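Visitor: the following comprises the amino acid sequence and a computationally predicted model.
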Amino acid sequence: MATFPITAPALLLLLMLSTAWLTHVARRELSPRDSLTQQLDLLSASLVMLQSFQVDSGQSVPEIWSERLGPEQASRRWRASREQIWWKGWVSSGSSVLVLPRQQGSTAGNSPLDRLLPGFDLVFSDPAERSSFMESLRPQPGDPSPLERFCLRALEVSTAVRWTPEALLPMAGPLASMLNSASHGCLVLNVDAKDLRWSGVFASRPLRDAPRRLKPPRGTTPLAPGRLRAPMASDPSLLPMLQLDSSTAEPVLSGILNRPLIRDGLEKDYGLTLAMRRQLLEVPMRLSVEPQAKGPFQARVQIDLQLPYRDPDVRRALELTATRLEKQGFRRRRVDLVHPDGQTVIRATLWLDDDEDPGRVLGGWTWLPRDASHGHPALLRMVLAGAPTLKRSATAELGSDSSMNLMLSPRDLVTHGLLPVSWPTVVRSAERLMLRTMPLRGQTARDDSWRWVRGQLDVP
C-alpha cells in the first residue's frame, strides 16, 4: 500500500494538523440536505479517508485545486465558492481525489458516477483511478448509526475528517499496534488564532456497527468543539512534560503486551501470565515524563499502576525481573524511603550499571501504600532514568472516572530532544497539547469499542 500524504506518527494529531491553516467553521445551506448526506455516506464508504474543508477566499488556492483543475479555472472557482465546503478523499492505493460541490446551475453528467453522486464533481489524478473508484463504489448495508450520522453531518457542514483502518496503518507506522482502538473514527476540527481544537468518535469497529443507543455526549455539535481547561499549578515548571491518566491501562498497553513476541517473552522470562496481563490491563494507570535539570538523563519516566498493595503475584513477577536483570550485569540496591507522614518507611529497589557509570541509578520500583485520609489508593510505581519517590501528584488521582487524559508540552519536549523533528512546526512550537476520551451517551461496559474524544493544541 502506498504511503498516505501525512507524515507525523500519531494519528489523532496528524488528522487535525493538516487543516491548521483554516479559520472558523461556518454553517452552510444545503439543498436537498438528505440527498447530499446520503451521497456523503456512499462516498465515505468507498474511500479509506475523507476530509472536509471550508473555502476561505482570502487564502491562496489549494495546490490540489490547481493541479486537478488548472490554475485559471481553480482560481475562478475558488473565488466563487466562498464559505462552501469541499472535500479531499483517499483511495486504497494512497492517491487522492478532489471532491467539489457541483456548481449552482450546472447539471450532472450522464455517467454512472454522476448518476450516483449528482451533488459532487470528483476530480481524479487519472482515468484509471476514476475507473477503479467506480468499481469500489457501493452502498453500505443498513442505515447509519447515530454516531455515523454525526460524522456525516460534520463532513457536510464543517471542517472534519473520517478514517478507516486502511488509512490508519500507513500513517501510524510502528504505532499502529497501539492505535487499534482508534482504527475507525471521525473528528470535527476548529482553528483560531490561539488554539486548534477537535472532538469526535473513535472506535475499534466500524461506526455503522455501533448500537443505536450510543450517541455523542450532550451539548456536542458537528460544528466548533469547545475548549478544554488546562491543569493549574502554582509553578508551571512543576507540571510534567507529559502525563497520561487512564481508568484502565488497556488502551495504552494492550497493543504492546498482546504482541506475540512480547507476550511470549514476558510469560517465559518474567512470569507474566495471561491472568496477570489481564490484571495489569484492567487497573488504572498514570504515565508521566518529567524533565531532569541535572545528571546524564534528559527526563525521568514514571509509571503508576493501581494494584493491591504488595500483590503476591506481582511481587513474584518483580523478583523474576530482578533475577533477569542481575544476570545481565545490573546491580540491585535496596533503599528505605521515608513516607511524607514521617513515620512509615517503604522499601524501594534501585538498579545501577556499575560498568558504564558506577553509582548511576538507571531506574527502580517501589510500592506506595493506601492513604485513606487523603483518598489515595495503593500503587506500584516503576521509574526509568531515575529513582522512585513516594511523592504523590498534585493533580486528580488516576482512575477517578472512566476517561483517559493526556497532557503534554511539545515545546518542552523539543527543548529536551524528546519530540521527533518530523513533527510539524505548529506542534513542536505549541505550549500544550491536551486530549481526553470519555464515554458516549447510552454507553455500557459492553460498548467499549466506541469512545468520544476531545482535544486541544495551544499555540503561542
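Guide: Right, received. Where do you want to start? Numbers count the residues shown, from 1 in each chain.
Visitor: correct me, but residue 456 touches residue 192?
Guide: No - between residue 456 and residue 192 there is no contact under Cβ atoms under 8 Å: 11.0 Å. For glycine as for every other residue, the C-beta is placed from the backbone atoms N, C-alpha and C.
Visitor: and the two? which has more neighbours close in?
Guide: Taking other Cβ atoms under 10 Å, residue 456 and residue 192 do not tie; residue 456 has more neighbours (23 against 13).
Visitor: how close does residue 262 get to residue 353?
Guide: To residue 353, residue 262 is 23 Å away according to Cβ to Cβ, to the nearest Å.
Visitor: what's the weakest-modelled helix or strand in the chain?
Guide: Using mean pLDDT, DSSP states H and E, helix 11-17 stands out as the lowest-scoring helix or strand of the chain, at a mean of 43.
Visitor: tell me which residues touch the closest residue to residue 306 other than its chain neighbours, please.
Guide: Of all residues beyond its chain neighbours, the one nearest residue 306 is residue 284 (4.3 Å), with distances taken as Cβ to Cβ, 6 or more residues apart in numbering. Residue 284 is in contact with 245-249, 305-306, 377, 398-399, counting by Cβ atoms under 8 Å, 6 or more residues apart in numbering.
Visitor: I'd say residue 214 and residue 439 touch.
Guide: No - assessed by Cβ under 8 Å, residue 214 is found out of contact with residue 439, at 9.4 Å.
Visitor: more crowded one of those two?
Guide: More neighbours surround residue 214 than the other of residue 214 and residue 439, with 23 against 18 (other Cβ under 10 Å).
Visitor: how close does the more buried one get to residue 443?
Guide: 6 Å.
Visitor: shared neighbours, the two?
Guide: Listed as contacting both residue 214 and residue 443 by Cβ under 8 Å, 6+ apart are residue 450.
Visitor: where does pLDDT dip in this structure?
Guide: Applying pLDDT under 70 to the chain picks out residues 1-34, 105-109, 171-178, 224, 226-227, 229-238, 255, 394-402, 422.
Visitor: longest helix anywhere in it?
Guide: Counting by DSSP state H, the longest helix found in the chain is helix 312-327.
Visitor: elements contacting it?
Guide: Helices and strands touching helix 312-327, by 3 or more Cβ pairs under 8 Å, 6 or more residues apart in numbering; DSSP states H and E, are helix 260-270, helix 274-282, strand 331-338, strand 345-352.
Visitor: that helix to helix 260-270, inter-axis angle?
Guide: In terms of direction (axes from the mean of the first three to the mean of the last three Cα atoms, to 10 degrees), helix 312-327 departs from helix 260-270 by 90 degrees.
Visitor: dump the contacts of residue 284 into JSON lines; add distance to residue 288 and secondary structure as well.
Guide: Listed next are the contacts of residue 284 as JSON lines, based on distance: Cβ to Cβ, whole Å; DSSP: H, G, I helix; E, B strand; the rest coil:
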{"residue": "245", "distance to residue 288": "9", "secondary structure": "strand"}
{"residue": "246", "distance to residue 288": "12", "secondary structure": "strand"}
{"residue": "247", "distance to residue 288": "16", "secondary structure": "coil"}
{"residue": "248", "distance to residue 288": "17", "secondary structure": "coil"}
{"residue": "249", "distance to residue 288": "14", "secondary structure": "coil"}
{"residue": "305", "distance to residue 288": "13", "secondary structure": "strand"}
{"residue": "306", "distance to residue 288": "14", "secondary structure": "coil"}
{"residue": "377", "distance to residue 288": "17", "secondary structure": "coil"}
{"residue": "398", "distance to residue 288": "10", "secondary structure": "coil"}
{"residue": "399", "distance to residue 288": "15", "secondary structure": "coil"}
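Visitor: ok, of those residues, which one's closest to residue 315?
Guide: residue 305 (13.2 Å; Cβ to Cβ).
Visitor: which residues touch that closest one?
Guide: Counting by Cβ under 8 Å, 6+ apart, residue 305 has contacts 249, 280, 283-285, 379-380, 382.
Visitor: now these: which count as buried?
Guide: Buried residues within the contacts of residue 305, defined by neighbour count using 16 or more other Cβ atoms under 10 Å: 249, 280, 283-285, 379-380, 382.
Visitor: in these, find the pair that's most separated.
Guide: It's 284 and 382 that sit farthest apart of the buried ones among the contacts of residue 305, by Cβ to Cβ, at 14.6 Å.
Visitor: and residue 358, what is it in contact with?
Guide: By Cβ under 8 Å, 6+ apart, the residues touching residue 358 are residue 352.
Visitor: what kind of secondary structure is it in?
Guide: coil (DSSP: H, G, I helix; E, B strand; the rest coil).
Visitor: state the distance from residue 51 to residue 453.
Guide: Distance from residue 51 to residue 453, by Cβ to Cβ: 17 Å.
Visitor: that concludes my questions; thank you for your assistance.
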